[in-house]
Each structure stands twice: as structure tokens, then as C-alpha cells.
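Chemist: mind folding the following:
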Amino acid sequence: QVQLVETGGGLVQAGESLRLSCAASGLTPSLHAMGWFRQAPGKERDFVASINWRGSSTFYADSVKGRFTVSRDSAKNTMYLQMASLKPEDTAAYYCAACASRYGSDCVTQKNYTTWGVGTQVTVSS
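Modeler: Residues are numbered from 1 along each chain as shown. Down below sits the predicted model:
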């Protein structure tokens, strides 16, 4: 059974940085791209970033491009989201997820994701 656990959320001020981690168990890294999504109160869950099975290809939402970096360490079965220059509008619950495809380009919407973590809250104050 695949399980994903996010950590690293918290309260930061605008302009600061934060790194989220997503530890996977029961997952074969070489078979799955992975991604990050976020959901603000009263809004839909939105795509943030995805990374292919090898960690060599990444995709980002326009709203985070240039500020966020997704990476993965297959040996540790862990994915990361390094967030810099945080803005109040980045405030949301952040979720990691495992995609049914190995390729990040297939994993920019929710439809191909099969397993989700429970989320970690990121709050950015102005």
C-alpha cells in the first residue's frame, strides 16, 4: 500500500523560503512521476509542480515558475518542493501525489494521480 507523508509546512513572512518534503512508502520510484498541488480555503486544488520518474524533467504552474523548485531523491523515496520568495497568495494546504505515469508532462492535472498525501499547511504573512 502506497503512503505519502508531507512535512515542512509552517508560518513564514513574505519573501522568505520554505522546503516541503514528501516521503513515500510502498512506492517504486521508477514507475511514477510525482507532483505537488495546493488548495487555498474556498478554492479548488491547483497544480503546482511535477517531476518525472528520473528527476530529469520538471513542470511548473506559471504562478510559481522561477520561485519554486521540485526535486526528488529516489534512494530516499522522497520528493521536495523548495519555495522561495514566498507571497501571501502562496498560502494553502500543499499536497504531494503519485502519478500513474512516469512522465511529468502527463501529470499536470489531477486526473492521472492515484495516491495523495494528507497535506501540510503553508501560511505566508504579509
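Chemist: residues contacting Glu16?
Modeler: By CB atoms under 8 Å, 6 or more residues apart in numbering, the contact list for Glu16 reads Leu86, Val124. For glycine as for every other residue, the C-beta is placed from the backbone atoms N, C-alpha and C.
Chemist: so it, which state does it fall into?
Modeler: On the three-state scheme (DSSP: H, G, I helix; E, B strand; the rest coil), Glu16 is labelled coil.
Chemist: so the residue nearest to the spatial centre of the chain: helix, strand or coil?
Modeler: Centrality entry for the chain: nearest residue to the mean C-alpha point is Trp36, 2.2 Å, by CA atoms, centre = their mean. Per three-state DSSP, the secondary structure class of Trp36 is strand.
Chemist: how about it: what's its closest non-neighbour residue?
Modeler: Residue nearest to Trp36 in three dimensions, not counting chain neighbours: Val48, with 4.2 Å by CB to CB, 6 or more residues apart in numbering.
Chemist: tell me, how many residues neighbour that neighbour?
Modeler: For Val48, the tally of surrounding residues (other CB atoms under 10 Å) stands at 25.
Chemist: neighbouring contacts of the helix or strand containing it?
Modeler: For Val48, the element it lies in under DSSP states H and E is strand 45-51. Here strand 45-51 makes contact (CB under 8 Å, 6+ apart) with 33-39, 57-61, 64, 68, 70-72, 79, 81, 94-95, 99, 104, 107-110.
Chemist: likewise for stretch 27-35?
Modeler: Around stretch 27-35, the neighbours that count as contacts under CB under 8 Å, 6+ apart are 2, 4, 22, 24, 47-54, 70, 72, 74, 77, 79, 96-104, 106-108, 113, 115.
Chemist: filter these down to the buried ones.
Modeler: Neighbour-count burial (16 or more other CB atoms under 10 Å) is assigned, among the contacts of stretch 27-35, to 4, 22, 24, 47-53, 70, 72, 77, 79, 96-99, 101, 103-104, 106-108, 113, 115.
Chemist: restricted to helices, list these.
Modeler: Helix and strand membership here follows DSSP state H; of the buried ones among the contacts of stretch 27-35, not one is in helices.
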